[in-house]
Every structure is written in C-alpha cells, then in structure tokens.
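[1] Quick one, what's the 3D model for this:
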Amino acid sequence: MMIGSFVSREGLFRLIDSTVKCCELIKHRLAPKRNGHLCYNTREISFYQKIAKRRVNAKKAIVKFPMFNEIPERTLGSWNAILAGHVKNGRIEQASNVFDKMPERDVVSWTTMIGGYAKAGKIDDARQLFDKMPERNVVSWNAMITGYVQNGMVEDARRLFEEAPERDVVTWTAMVKGYAQKGRIQDACNFFDRMPEKNVVSWTVMVTALVQCGRLDEARKLFDDMPDRNVVSWTAMITGYVQNGRVDDARELFDKMPERDVVTWNAMITGYAQNGNVTEAQRLFDKMPQRNAVSWNAMISGYSQRGEVEVARQLFDEQPRRNVVSWNSMIACLTQNGKIDDARVLFERMPERNGVSWNSMVAGYAQNGRIEDARELFDKMPERDVISFNAMIAGYAQNEQGEQSLKLYSRMKKLGMKANQSTLTSVLSACASLAVLEQGKQVHEDTIKTGLESNVYVASALIAMYSKCGSIDHACRVFDEIPIRDVVSWNSMISGYALHGYGKEALKVFDQMQLAKVKPNDVTFVGVLSACSHAGLVDKGLQYFDSMRQEHSITPTEDHYGCIIGLLGRAGWLDEAEEIINNMPFEPPLSVLGALLGACRIHKKTELGKHVAECIFKLEPKTAAPYIALSNIYAAAGKWNEVMDVRKYMRDKGVKKNPGCSWVEVKNRVYTFLTGDQSHPETEKIYAALEGLVERMKEAGYVPDNNFVLHDVEEEEKDQILNYHSEKLAIVFGLISTPSGMPIKIFKNLRVCGDCHTATKFISKVVDREIVVRDANRFHHFQDGFCSCGDFW
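    Numbering: from 1, shown residues only. Next comes the predicted model:
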C-alpha cells in the first residue's frame, strides 16, 4: 500500500518505530552472537541509519538504533556505514568524532567526511582533509569540486577541476552546475559542449540552467536533442515554461510525457493557478493520481488570487494533511482579500508557526491599514528577519508614517541586518513622502554599499525620491547610470520631470523610451499627461490622450481623465473639460471632479464650481478639500454670506480642515511653520527679517495681492495676513539659517497661493537665491524673478 497516502503523520511515526522493533526482535532470535553480543553487518547498520534519517525528517527527533559499541568486531565497512549515517543525518560533529576514532581509513572514509564538511558549509575543513588524503580517486576529487560548487565557490572548483588527474561525467556536470548557479550561462554552455560524455543528469542540469535565465527556446532545443530523458528533465522544461507564463507550451509537454510524478503534476497545476486559469488547474487537480501538500497549496493560492476566498477555505478545510505552508497559504489568502480578522483567528489556531506565518500576519495588518496591530505582532515575534522589518517599514511608509519607517530602518541597521531591494525601496519612499533630502542621500549611500544602486527597482525609487525632494538633477544622474532600464525606470524619470513642470524634458524622455523599444503602459501616460498639464501643453496633451487607445491599445482610467481635465481646466477650456466628463465611460470620480473644481477656483466660475462641489459632496461628504475650494470660490467673488454658510455646514458635519503649513530642512532637521506662527524660538528674528525683506520686495515692484486673503477683513489686516503665510516664514528662516547663495527648498501641504507665488519670484531676485517650492501638486523653481512653471499652475 502507499503509506504516505493512507497513514497519518503520528501513525507513520508509530509504523517506523514498530518496524525498528520488529527488526530488533528478529535479530535477537535469528542472528548469530559472539561472546553474547549481536553481530551487525554493514547493510544492517545502513538500514538503521536510514530509519533514523526518516525519523529525523519526519519529527525532528532521532530514533534509537543499535549502538555502534555493541559490535564486538568492527570492520572498516562498519565504521564507514556509521560515518555515512551521521553525515546523511546532518550530524557533522558526531561524524567527525567517528572519523577521528577510526583505527584505519580508506578512500571511502576520507571522501565521506569531505562531503559531510562541504554540505555543512565547512569548506575549509573539507579542503584541509582533502589535502591530507594519502590517496585519492575520481570520487574524492568530485566530492571536493562539488563541495566548492555547493558553497558558491566556482572559481575554486575550476582550479581543482584543472588539477584533477582524472575526470568523469560527475566532475564535468558539477562544473556546469556551478557556473549555472552563478548566472554565468556562457561558461556553463562552454563546459557542457566540451564534455567528452554526457548522461541524463548533465543534459538536465544544462536545460535547467537555460530555463532559469529565461532562455527558454534554447532550453527547448537542448531538451529536444536529449538522447534520453527522465521525469526530472521533463519537469524542468515544464517548470520553465510555467514560470515564464507559457502555460500552453508547458501543457503540450505535459501531455506528451511518458510518465509523470507528483512534482510534474504540481508544476502544471501551479502554472494554471498562477496565470489565472484556476478552472483548468482544478480539472488537473481532480485527475491527479496522488496529491501532496504542494498540490493543495497551489489550488488554495490560485483561488486566493481570484478572490474566491470561500472556495480556498473549503479546500483548506478538506486538506487531509496540512503543513505550515498550507496554513501560511490560507492566511495569505485571507489577508490579501481583506479578511484580516479571520486570518488572525487562523494564525492563533496554527499547531506550529514559522517566520513566514508571523511575517504574513504583520504584512497583512499593515496592508489593511491596521498599523498598530501590525506593530503589536511585530514586537511579539520570537525572531525577526529582514522580511519582518520590511513588512513593518513598508507598512509605515504606505500609511503615511514615514518617520517610523526611518526609525525602524535605523534599528535594523544597528542589529546588523543587511537591507535588500524591498527594504531600500520602502525607505526611499518614506524619504520621498517626508521630503527629507539629506536622509534620502544617506539611504542612497546604503544602496551603493549593498551593491543595489543599479537594481532597476531601487534606482527607480531613488529617481522618485530625488524628484520629490526637489533635486531633479540628482534624479537625472541616477537615471543616466541605470545600465538596463525597464518601464518603471522610464516612468519614474518622466514623472519626475512632470512633477517639476519640465514638460518638454518629460516628453523628450518619452520619445527616447519609444526609441528604446520599451512599451509604455498606463502609468507612463499618467506621467506624460501630467507633464503636459503642468507645462500648459494643451494640444500635445490631447494628442497623447487620443493616442492611448489608437496607437497603444490602453484604455484611459480615472487618473488619465483627471490629468486631461486638469490640463484643460488650467488653460481655461472649461467647456471642453465638461464635454469630456459627460462622455466618460464611467461616472466621474472624485479625482476628475476635483480637477474641474480647481479650474473653477482659478477662473472664478462660481456657479459651475457650486454644481461640481455638490457632486463631490455626495461622493465624499467628509473630505474637507472640496468645501475649502467652494468657500474660496465664494470668497474670491466677495460672497461672504455663502462663505459663512459653507463653514457652518462643515462644522455641523464635523468636517475638519487641515491647516496650511510649510516646512524647510536645515542641517538635517525639519522646521515646520503655520500661517502667523510664533512658536519658533527665533520668531522675533524671523519676523524682523521678513519685514525688511518685504520692504526690499516693494522697492523692486512687489504689490501684495489682497484677493488671496479669503477673509472679510480690512485692507491693512489683509496685508499682514499675506505677509505671514507659512511659506514666507519658512523661506525667511531658510534665508537666515543657510549660507548666502545656497538654494532653499520649501515644502507645503497645500497649493501655493497666487500672492506667495508672486512674492517668491521677487524674493529670489532681491536675495539672488534659487528657491524651490513643492506644493500639493508640483514643484516651482524660482530664480532671478522667474518661476519654472511660467505662471501656469
């Protein structure tokens, strides 16, 4: 019978132990004795060692087998059997003790011990033993060469390969595998081609190497040329097709296979499940002659990706034997589909947990916005690895708690953990959201230390960080240094230029992207349309919008419509904007209506603004921005009664406005200012400097625009309110706190008002400084009395 299919795990343990006891009983009754001791031969010792290994693998405990000391006359074969048993069971210290006590050794003894050290990662000990060998054979050389390969030391393996007096197919195959594991496929191919003889293992290793580096067509040609194939060869090729999304090619081979094992079935099922065809995956699953935990887990993951949580849960409940991966798959399914509380219940029920279990729950809480619950679980973890820290760091960054991301990253580094791609992209995202350039530069240094600065995802995150922190030149340098750019890299640079209002530069990069044969996606066109919007390139924007469907087969989303409405609205083309909204294939979302409302504020379209705002109130009754925009539209029109009505309505509905604030980074410290702020320790100095600066600005022609004071107060009071806007206070503090000539970067949580925009142009001229301001929408670069936006924002 098939034990694995019908006996429970506990029953399997009992069966193994019963087998051992039966063997002992038979031995006691039938075996010869010498001086009262049982005589064990080498085969019997090997049998007990295998039983021990089965028991170790199943239950992480060692079954009791006959003691070596019971053998009165120990042969060299007996010693070698015990030595091999310890090595196979990973007990390298015990193996070493046996080896040291051996009265005599042969080439098998030495080779076994060398292999044991190599597998345990003690490659130096293995080499010392190899060098001491009194005699060697090809197996000994193979053990040492394979040991180097297993430990990633392919050049050391190559040197030993060249020294070997004799080589066989195993020697050559080890070298092919070593180069393949290092990604040096051409070297692997060269060795493979030079092989004097090849066996099915050699061919399979080479096929697998080509598959793993994505050279599927070459792998298939080699596979077709194989003189003999086994189930591993077929499975390697099928798995390669599956991992690269070529499920139909995988199925063609699967159907041709003369025999299949459970691994092959699982590869095919996983392929269908991961590529969205869970129906066909289920059909194969139902046909399988034998299933294991991997089969069930693949189906659970497949249904999870489809959002069919109930079906996945039913499979999980029906699964006859679950391992920790099964539990983790179901927890991931629940967290990814928003059922975080159900996931926690399952987590608490788990018979055993590993790091993945804890990390899945922490990441699940973070991704579902429950960052406090995530941190509580994170702090309770028995052990934390880099994935644990990544989950929390990303969670904080995604939930607008960038400061906590940076603190946790600092703690992670102090613990000596090495950051990976995920860590660095999340931390750079936090730096970008906080606009902390100096800390972003420090993280950039960390990317260089880890060797990940050229990784496309890290490089793209660096471009975004520098762009959002106001250093577009740094972003360009990072972009220029990326050796191979993917669509994410190009999108980051286009979006960076767009954010800074450099529309022509953004479109130039887009043209270069197309010349490089990189296919644009929907994110690309958000950047392109945004660039047109910020630069006022109306005709260009409309052309690109039309080309999305006609030339690139991309259906515009609400983000694209938001960009095009913003472009038309800023340019004053409100009738055209309304026409596009009326012809949208879906109900206008908040982003689109918000863009139109902003245009109504800019162009003082009171009635249209009121209508649009009312539409937004129905969608988002608790969002403050549309109320503020409508209030400002009424204030600009002098309709103070309506202004009071809007503010009263906000109070009655409990809608709260976030106060406008600006911040500046000086000497690695961020200073924040509110309008009329007097909380800063150097308030008197700031206000005195501001008064002197305003006088110099007026002498240069600056006239305060009181239309941007949205309060019903006297003209003199309006001048004071304008003077003490938060960005003016931040700029003045930056001027008195930094060396002359040094650029100043200011960040603001709201759109910069018209008067502050005009004032900053004058400030840049009278103090001869470059001033960069990032408001809620974009960057403005002020220099010598001009702004990069061309007064179009």
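
[2] would you list every one of the helices in the stretch 651-793 of the chain?
    Remark: helices assigned in the stretch 651-793 of the chain by DSSP state H, counting those that start in this stretch are 683-699, 715-723, 726-737, 754-766.

[3] what helix or strand does the residue nearest in space to the middle of the chain sit in?
    Nearest to the geometric centre of the chain sits Ser422, at 4.3 Å (CA atoms, centre = their mean). Assigned by DSSP states H and E, Ser422 belongs to helix 421-434.

[4] what's in contact with that helix?
    The contact list for helix 421-434 (CB atoms under 8 Å, 6 or more residues apart in numbering) reads 386-387, 389-390, 393-394, 396-397, 400, 402-403, 405-406, 409, 412, 419, 437, 439-440, 443, 446-447, 450, 452, 455, 457-458, 460-462, 464-465, 467-469, 670. Any C-beta I mention is one placed from the backbone N, CA and C, and that applies to glycine too.

[5] Drop anything exposed from those residues.
    386-387, 389-390, 393-394, 396-397, 402, 405-406, 409, 412, 419, 437, 439-440, 443, 446-447, 450, 452, 455, 457-458, 460-462, 464-465, 467-469 (16 or more other CB atoms under 10 Å).

[6] So which of those residues sit within strands?
    Among the buried ones among the contacts of helix 421-434, none falls in strands (DSSP state E).

[7] Please flag which of those sit within helices.
    Among the buried ones among the contacts of helix 421-434, the ones falling in helices (DSSP state H) are 386-387, 389-390, 393-394, 396-397, 402, 405-406, 409, 412, 437, 439-440, 443, 446-447, 457-458, 460-462, 464-465, 467-468.

[8] hmm, back to that, between the helices of the stretch 651-793 of the chain, which has the poorest mean confidence score?
    Mean pLDDT is lowest for helix 715-723 out of the helices of the stretch 651-793 of the chain, coming in at a mean of 60.

[9] the strands in the stretch 551-700 of the chain, which residues?
    Along the stretch 551-700 of the chain, counting by DSSP state E, counting those that start in this stretch, strands occupy 661-666, 669-674.

[10] what's the angle from the first one to helix 726-737?
    If I follow you right, that is strand 661-666. Between strand 661-666 and helix 726-737, the angle comes out at 20 degrees (axes from the mean of the first three to the mean of the last three CA atoms, to 10 degrees).

[11] Contacts for strand 661-666, please.
    435-438, 670-674, 726-727, 729-731, 733-734, 737-738, 744-749.

[12] Just the buried residues of those residues.
    Buried by 16+ other CB under 10 Å: 435-437, 671-673, 726-727, 729-731, 733-734, 737, 744-748, out of these.

[13] what's near enough to touch Val772?
    Gly470, Pro743, Ile744, Lys745, Ile746, Phe779, His780, His781, Phe782.

[14] now the first one: how far from Leu424?
    When CB to CB, to the nearest Å is the yardstick, Gly470 and Leu424 sit 20 Å from each other.

[15] what do you get for the fourth one?
    Computed with CB to CB, the distance linking Lys745 and Leu424 is 23 Å.

[16] do the third one as well
    Distance, Ile744 to Leu424, by CB to CB: 28 Å.

[17] Show me the shaky parts of the protein.
    1-73, 706-721 (pLDDT under 70).

[18] mind listing what Arg570 touches?
    Ser533, Gly536, Ala599, Ile602, Phe792, Trp793.

[19] Kindly recompute the last result at 10 Å.
    Contacts were defined as CB atoms under 10 Å, 6 or more residues apart in numbering; by that measure Arg570 touches Ser533, His534, Gly536, Val538, Ala577, Ala595, Gly598, Ala599, Ile602, His603, Phe792, Trp793.

[20] List the residues that contact the first one.
    By CB under 10 Å, 6+ apart, the contact set of Ser533 is 498, 501, 503, 541, 562-571, 595, 777-778, 792-793.

[21] now swap in the last one and tell me
    For Trp793, the contacting residues are 501, 533-536, 570, 602, 751-752, 754, 757, 775, 777-780, 787, by CB under 10 Å, 6+ apart.

[22] now the helices for the stretch 201-350 of the chain?
    Counting by DSSP H, counting those that start in this stretch, the helices of the stretch 201-350 of the chain are 216-225, 231-243, 247-256, 262-274, 278-287, 293-305, 309-318, 324-336, 340-349.

[23] can you tell which of those helices is closest to Gln512?
    helix 216-225 (29.3 Å; CB to CB).

[24] tell me what the closest one is packed against?
    Applying 3 or more CB pairs under 10 Å, 6 or more residues apart in numbering; DSSP states H and E, one finds that helix 216-225 contacts helix 185-194, helix 200-212, helix 231-243, helix 247-256.

[25] can you put those helices in JSON lines and add distance to Leu160 and mean neighbour count?
    Output for the helices and strands packed on helix 216-225, formatted as JSON lines (distance: least, CB to CB, whole Å; neighbours: other CB atoms under 10 Å):
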{"stretch": "helix 185-194", "distance to Leu160": "14", "mean neighbour count": "16"}
{"stretch": "helix 200-212", "distance to Leu160": "19", "mean neighbour count": "22"}
{"stretch": "helix 231-243", "distance to Leu160": "27", "mean neighbour count": "22"}
{"stretch": "helix 247-256", "distance to Leu160": "37", "mean neighbour count": "16"}
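
[26] Understood, closing this out.
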